[in-house]
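1. Provide a 3D model corresponding to the input given below.
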Amino acid sequence: MTQKTALLFAGQGAQYAGMGKDLAEGFPSLHHWLEESRALLGYDLPAVSFNGPEEELKKTENAQPAIFLVSWLALQLLKERAPGFSFQAAAGLSLGELTALTAAGVFAFQDGLKIARQRGRFMQEACELTHGGMAAVLGLDPEKTRAVCAEAEVEVANLNCPGQIVISGETEKIARACQLAKSAGAKRAVALPVAGAYHSRLMAGARPKVQAMLAAVPINIPAVAVISNVTARPHTTPNQIAERLVEQVTSEVRWEDSMRYLLEQGFTRFIELGPGTTLCGFLKRIDPRTQSFNIADRASLEATVRGLQS
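-> Model prediction:
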């Protein structure tokens, strides 16, 4: 029986100066994508991704399109190096959901990249108008974490995997929530180095801008199932895709539920595309029996190709 394969796409926070450089230098077939990105955006995004500086890459308006681009390059190389390869579903963490939708043919590459850049810019603007932050809460169950959030007046942002939840809100309230979480039994509760309170009501200013942007872009029906961060179920119609992407800006990311849905559907092989191995790590915590690969550089590409052939 053919193994069911899902692609996973990295979200913001996975970026690092140098990402994608090894792939671009090793495969001339990628160069037209790099040139196209420069022409589309009007600046040298690959240079920011490959060379930094880190401070420039960390800006949301650069990090989001850069991760999108590197993830897309990894997908193109997977198709090139493993002819006949197919996948039956895709999912992505926050920004990565946009990449997953593009991989499934919902958006053209050109539109997906421009959306990533604009989405990043709109979120950056929302960050600058608010004083927000995020924290990782480790070792506390969702019910207790929600109680902590309610008391501190912050929100759950990401339900990543068993034992790891990210919370989001105003900076001073996040500090209080961390103290409350520790008192409630969390192993750790640590502030994250982010520009703002993503996936919380503090991002509300970005929603109408994202909505207007998506209204001007062609949206196709996905060629394979793409799992929504908001519902942890597959996207359906083009209108619903746009609605969920707008909601996603302020809603919690139900990543663990999304992975459990795919596992229930019989998916046993997962390939993380883009910088880092965070999503593979989450998956191992959700179900250690799954087979997972990642493609972030030439070494991981070759390892994945060998793994798919075995």
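2. how far away is Ile241 from Val217?
-> 11 Å (CB to CB, to the nearest Å). In short, each C-beta sits where N, CA and C put it, glycine included.
3. what of Thr236?
-> 18 Å.
4. ok, which stretches of the stretch 151-300 of the chain are strands?
-> Using DSSP state E, counting those that start in this stretch, the strands of the stretch 151-300 of the chain run over 155-161, 164-170, 188-191, 225-226, 267-273, 291-295.
5. tell me which of those sits nearest to Glu80.
-> strand 291-295 (11.3 Å; CB to CB).
6. okay, now the sheet partners of that closest one, with direction.
-> strand 267-273 (parallel) (DSSP bridges).
7. would you mind writing the CA trace of the strand it pairs with as CSV?
-> This file holds the C-alpha atoms of strand 267-273, laid out as CSV (Å, rounded to 0.1, in the frame of the first residue of the first chain):
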residue,chain,number,x,y,z
PHE,A,267,-0.7,9.8,7.1
THR,A,268,2.5,8.1,8.2
ARG,A,269,5.2,10.1,6.4
PHE,A,270,5.8,13.9,6.9
ILE,A,271,8.4,16.1,5.1
GLU,A,272,9.2,19.5,6.6
LEU,A,273,10.3,22.0,4.0
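8. just give me how far it sits from the chain centre.
-> Taking CA atoms, centre = their mean, to the nearest Å, one finds the center of strand 267-273 at 15 Å from the center of the full chain.
9. buried stuff in it?
-> 267, 269-273 (16 or more other CB atoms under 10 Å).
10. and the residues you listed, which is closest to Phe122?
-> Leu273 (24.4 Å).
11. surely that closest one and Gly11 touch.
-> No: in this structure Leu273 lies outside contact range of Gly11 using CB atoms under 8 Å: 12.0 Å.
12. which of the strands of the stretch 151-300 of the chain sits most buried?
-> strand 164-170 (a mean of 25; mean count of other CB atoms under 10 Å).
13. in this protein, which helix or strand is least confident?
-> Within the chain, confidence by mean pLDDT, DSSP states H and E is lowest for helix 54-58 among all helices and strands, at a mean of 93.
14. got phi/psi on Arg306?
-> Main-chain torsions, Arg306, degrees, to the nearest 10: phi -60, psi -40.
15. average model confidence for the strand or helix carrying Ala136?
-> Using DSSP states H and E, Ala136 sits within strand 132-138. Averaging pLDDT along strand 132-138 gives 97.
16. so that it lines up with my notes, have the first residue be 59 from now on.
-> Renumbered: residue one is now 59, and that last one reads strand 190-196.
17. now what about that strand, what contacts it?
-> 203, 206, 215, 221-229, 232, 235-236, 239, 244-250, 252, 254-256, 258, 260 (CB atoms under 8 Å, 6 or more residues apart in numbering).
18. in it, what's buried?
-> For strand 190-196, by 16+ other CB under 10 Å, it's 190-195.
19. how far out from the middle of the chain is that strand?
-> 17 Å.
20. show me this protein divided up by domain.
-> As given by automatic domain parsing, the domain ranges for the chain are 62-186+259-367, 189-249.
21. could I get the strands of the stretch 209-358 of the chain as JSON lines with distance to Leu136 and mean pLDDT?
-> Shown next, in JSON lines, are those (distance: least, CB to CB, whole Å; pLDDT from 0 to 100):
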{"stretch": "strand 213-219", "distance to Leu136": "24", "mean pLDDT": "98"}
{"stretch": "strand 222-228", "distance to Leu136": "27", "mean pLDDT": "98"}
{"stretch": "strand 246-249", "distance to Leu136": "34", "mean pLDDT": "96"}
{"stretch": "strand 283-284", "distance to Leu136": "17", "mean pLDDT": "98"}
{"stretch": "strand 325-331", "distance to Leu136": "7", "mean pLDDT": "97"}
{"stretch": "strand 349-353", "distance to Leu136": "6", "mean pLDDT": "97"}
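22. many thanks, I have nothing further to ask.
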